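> Only the shape, not the letters, is given here:
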């Protein structure tokens, strides 16, 4: 590793706000397989293994973050939000924020085809970075970095919004526990055309579980679903299915 590369990696460390014990981990995370092949380097020198490891660490770290921030959420919604956070476009966006493209070593073919801008390459580089941090500094440091990035990329109020699809929550819960489908009906509307108000209900079988009002039919159905979740929570004396949101406990560094 020459001085220019060491200098570039030192700059990336400053951007990340951490210092590697062995900077070779960071270097490997930023080596795409195309570069390794073209320079006849060992395949183990590319970032694919770290990407594989980082994927697992990232999923665990995101799960930890969501459970801490939304302790009332159930598994189905947690899985959906986690999938949203770790999807390719989300990770590529984080890679762009960190300017990982500037530190990636790519083969000539990938460079000519715009590899530095490809979401797949950027997302893989971010996962490899997580794998490098875990390998060199341990899980606690990897978790801290992921939480810091998530807090910046997905503020608590925006994350809470992802949990507000009460109809999906109710459907998943009813299917899982009762093996049935909730049914909605809009049975009342009032007000002038420019300021309509709708009343909707949701039932499971013959049981009416919730009634809600809204400025649209969809809004009224969401409110009815929320009331139904509250009713089911009380009926079965279970923890609330609807998360109350959470504030970030870790301040961005």
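Received it, and whenever you're ready, just let me know what you need. It should be emphasised that the depicted structure is a prediction, and the values quoted were computed from it without experimental measurement.
> going forward, measure contacts and count neighbours with C-alpha atoms only.
OK.
> Pull the contacting residues for residue 219.
Neighbouring residues of residue 219 by Cα atoms under 8 Å, 6 or more residues apart in numbering: residue 213.
> And the pLDDT at it?
The score at residue 219 is 85. That number is its pLDDT.
> The stretch 101-250 of the chain: strands as residue ranges?
Applying DSSP state E, counting those that start in this stretch to the stretch 101-250 of the chain gives strands spanning 183-190, 197-204, 207-214.
> quick one: which of these is nearest residue 71?
Of all these, strand 207-214 sits nearest to residue 71, with 23.6 Å by Cα to Cα.
> that older thread, point out the most buried one among the strands of the stretch 101-250 of the chain.
strand 197-204 (a mean of 21; mean count of other Cα atoms under 10 Å).
> would you list the strands of the stretch 101-250 of the chain in a markdown table and tack on mean pLDDT and distance to residue 48?
Below are the strands of the stretch 101-250 of the chain laid out as a markdown table (pLDDT from 0 to 100; distance: least, Cα to Cα, whole Å):
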| stretch | mean pLDDT | distance to residue 48 |
| --- | --- | --- |
| strand 183-190 | 88 | 47 |
| strand 197-204 | 92 | 48 |
| strand 207-214 | 90 | 50 |
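> Can you tell me which of those strands is nearest to residue 20?
Residue 20 lies closest to strand 207-214 among those, at 53.3 Å (Cα to Cα).
> still on that earlier bit, columns distance to residue 104 on top of the strands of the stretch 101-250 of the chain, output as CSV?
As requested, the strands of the stretch 101-250 of the chain are exported to CSV (distance: least, Cα to Cα, whole Å):
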stretch, distance to residue 104
strand 183-190, 52
strand 197-204, 53
strand 207-214, 50
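> Out of the ones you listed, flag the one nearest residue 95.
strand 207-214 (39.9 Å).
> Nearest to the spatial middle of this protein, which residue is it?
Centroid-nearest residue in the chain, with Cα atoms, centre = their mean: residue 85, separated by 1.6 Å.
> any idea how far that residue lies from residue 71?
17 Å (Cα to Cα, to the nearest Å).
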